[in-house]
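Trainee: Fold the following.
(chains A, B, C and D)
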There are 4 protein chains.
Amino acid sequence: MSAPTRGYTATKDQLQKRLARIEGQVRGVSKMVEDDRYCIDVLTQVAAIQAALDKVALGLLDQHARHCVVEGHGEGTPEELTHELMGAVGRLMRRG
Amino acid sequence: MSAPTRGYTATKDQLQKRLARIEGQVRGVSKMVEDDRYCIDVLTQVAAIQAALDKVALGLLDQHARHCVVEGHGEGTPEELTHELMGAVGRLMRRG
Amino acid sequence: MSAPTRGYTATKDQLQKRLARIEGQVRGVSKMVEDDRYCIDVLTQVAAIQAALDKVALGLLDQHARHCVVEGHGEGTPEELTHELMGAVGRLMRRG
Amino acid sequence: MSAPTRGYTATKDQLQKRLARIEGQVRGVSKMVEDDRYCIDVLTQVAAIQAALDKVALGLLDQHARHCVVEGHGEGTPEELTHELMGAVGRLMRRG
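Mentor: Numbers count the residues shown, from 1 in each chain, chains lettered A, B, ... in the order given. This is a model prediction of the structure:
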C-alpha cells in the first residue's frame, strides 16, 4: 500500500533538514544553559527558534492550502478544509 | 574560577529537562513527517512546541527580571537592564 | 457600476460592528490613561484588543480563503492567491 | 488629592497621541470595509494596527518595569511585582 501524499511530500527532505536544524538549535540552547550563559543571550536564541518554527509552519500551511484545499486532494468539502486550515492558523497565532 | 550565577541557576535542572522535552517534540514532528502524517496534525504539534518555548522564555524572563534587574545582580544600571529586558520581550512578541 | 464582492461582503455589518467595538476599546484605553489607571490594567486591556483584532483577522482570512481562493472568485491563479494569503498569515503571525 | 503617578505619567501626552492614531487606524479599516476594499489589503492594515499596539504595550511594560518594579514605586514586594509584570508579558505574547 502506498503512503498518502501530503502537501509537504514534494519537499519532505528539505522539511526534515529544517527540523533537524531546529533540533540542533534547541540542543544549543541547552548547552548555553549548561555553560551558564547570559539569560538575555539564551532568550535571543529561543526567539530565533520560534522564528524558525514559524517558517516551517508557514511552509506547511502554504503547501497544505495549495495541495489539499485548492487542488482538492484533501478529504472533506472546501468549506470543511478551509475551516480546518483556519483553526491551524489560529493555533499558530495564539501559539498553542 | 566559579561559574557566573544566572537568573536560571537555581532551576537549571528543571530548565534543561524542559529543553530536552522540546528537543524530543521537534524530533517527534520529524517522525510525523517521515510517516506522512496529515499536515494539520503536524501543524498542531508545531504550535504545541511554540507554546512550550513560550513557557521556557517566560520563565527565563521572570527569573532574569528578579535576579538581575530587581535584585541588582546584573551588570549595568537598572535603566540599561530594563531596556535590555524589554528588547528581549519585543523579540519574543515579534518572534525573532 | 456595482461594488466588487469580497470575502466579507455577506457579513459586512457584523464586521463593522466588531470594528466599532474595537475602536471603542482603544478609546477606553485612552480614558484609562487619562484617569491614571494602573499600568498592568492598561496592558490587560491592550492584550484584549489584540485578541479582538486577531478574531477579526481570522474571520477575514477564513472568508477570503473560501470566497477568493477556493471558490475561485479572486483574481490570479490558485498558486498566486495561496501565496498572497500566506503572506497575510505571516504578517499576522509576526504582527506587522 | 493628587492623581497617582504611573510608569507612563511622564509621557502621557505621547501615549494618548499614539492611541488616538491607533483609533484612527481602526476607523480606517472600517472605511476600507465600507468601500469594499480587497481582503488582503484590509488584513495588511489589521497587522499594522497589531504592530502599533505592540509598540504601545512594550512602551508601557518598559516604563512600568522601570518606575514600579525597579525604582520601587509599585505596591508589593519586588517578587510580587515581577510576577505581575510577567503575567502581563504572557498575556501579550499569547495575545489576550
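
Trainee: The least confident helix or strand in chain A by mean pLDDT: which residues count as buried?
Mentor: Lowest mean confidence among the helices and strands of chain A (mean pLDDT, DSSP states H and E): helix A:78-94, at a mean of 90. Applying a neighbour-count criterion of 16 or more other C-beta atoms under 10 Å in any protein chain shown, one finds A:78, A:81-82, A:84-86, A:88-94 buried in helix A:78-94. (C-beta placed from N, C-alpha, C; glycine too.)

Trainee: Does anything pack onto it? Which helices or strands?
Mentor: In terms of contacts (3 or more C-beta pairs under 8 Å, 6 or more residues apart in numbering or on different chains; DSSP states H and E), helix A:78-94 is packed against helix A:39-64, helix B:39-64, helix C:39-64, helix C:78-94.

Trainee: Let me see the residues that make contact with the shortest one.
Mentor: Same thing as helix C:78-94. By C-beta atoms under 8 Å, 6 or more residues apart in numbering or on different chains, the residues outside helix C:78-94 that reach it are A:54, A:57-58, A:61-62, A:65-66, A:70-71, A:89, A:92-93, B:94-95, C:54, C:57, C:61, C:64-65, C:68-69, C:72, C:74, C:76, D:40, D:43-44, D:46-47, D:50.

Trainee: For chain D, what's its nearest residue on chain A.
Mentor: In chain A, the residue that lies nearest chain D is residue A:94 (5.8 Å; C-beta to the nearest C-beta).

Trainee: Would you mind listing what in chain A touches chain D?
Mentor: A:93-95 (C-beta under 8 Å from any C-beta of the partner chain).

Trainee: give me every residue that touches residue A:35.
Mentor: Contacts of residue A:35 by C-beta under 8 Å, 6+ apart: none found.

Trainee: Got the confidence number for it?
Mentor: Note on residue A:35: pLDDT of 96.

Trainee: about what we covered before: for ChimeraX, what selects the buried ones among the contacts of helix C:78-94?
Mentor: Applying 16+ other C-beta under 10 Å to those, the buried members can be selected in ChimeraX as follows:
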select /A:54,57,58,61,62,65,66,70,89,92,93 /B:94,95 /C:54,57,61,64,65,68,69,74 /D:40,43,44,46,47,50
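
Trainee: Any figure for the gap between residue A:30 and chain C?
Mentor: Look at residue A:30 and chain C: by C-beta to the nearest C-beta, to the nearest Å, they are 26 Å apart.

Trainee: list the contacts for that residue?
Mentor: Contacts of residue A:30 (C-beta under 8 Å, 6+ apart): B:16, B:19-20, B:23.

Trainee: can you tell me which helix or strand it belongs to?
Mentor: For residue A:30, the host element (DSSP states H and E) is helix A:12-34.

Trainee: Distance from the chain centre to that helix, please.
Mentor: 13 Å (C-alpha atoms, centre = their mean, to the nearest Å).

Trainee: CA-only coordinates of it in PDB, if you can.
Mentor: Output in PDB follows, covering the C-alpha atoms of helix A:12-34 (Å, rounded to 0.1, in the frame of the first residue of the first chain):
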ATOM      1  CA  LYS A  12       9.900  16.300   2.600                       C
ATOM      2  CA  ASP A  13      13.800  16.200   2.600                       C
ATOM      3  CA  GLN A  14      14.000  19.900   2.900                       C
ATOM      4  CA  LEU A  15      11.400  20.000   5.700                       C
ATOM      5  CA  GLN A  16      13.300  17.300   7.600                       C
ATOM      6  CA  LYS A  17      16.600  19.200   7.200                       C
ATOM      7  CA  ARG A  18      14.900  22.300   8.700                       C
ATOM      8  CA  LEU A  19      13.600  20.300  11.600                       C
ATOM      9  CA  ALA A  20      17.000  18.700  12.200                       C
ATOM     10  CA  ARG A  21      18.500  22.200  12.300                       C
ATOM     11  CA  ILE A  22      15.800  23.400  14.800                       C
ATOM     12  CA  GLU A  23      16.500  20.300  16.900                       C
ATOM     13  CA  GLY A  24      20.200  21.300  16.900                       C
ATOM     14  CA  GLN A  25      19.200  24.900  17.900                       C
ATOM     15  CA  VAL A  26      17.200  23.500  20.900                       C
ATOM     16  CA  ARG A  27      20.200  21.400  21.900                       C
ATOM     17  CA  GLY A  28      22.400  24.600  21.500                       C
ATOM     18  CA  VAL A  29      20.100  26.400  24.000                       C
ATOM     19  CA  SER A  30      20.600  23.500  26.400                       C
ATOM     20  CA  LYS A  31      24.400  23.800  26.000                       C
ATOM     21  CA  MET A  32      24.100  27.600  26.700                       C
ATOM     22  CA  VAL A  33      22.300  26.900  29.900                       C
ATOM     23  CA  GLU A  34      24.900  24.200  30.800                       C
END
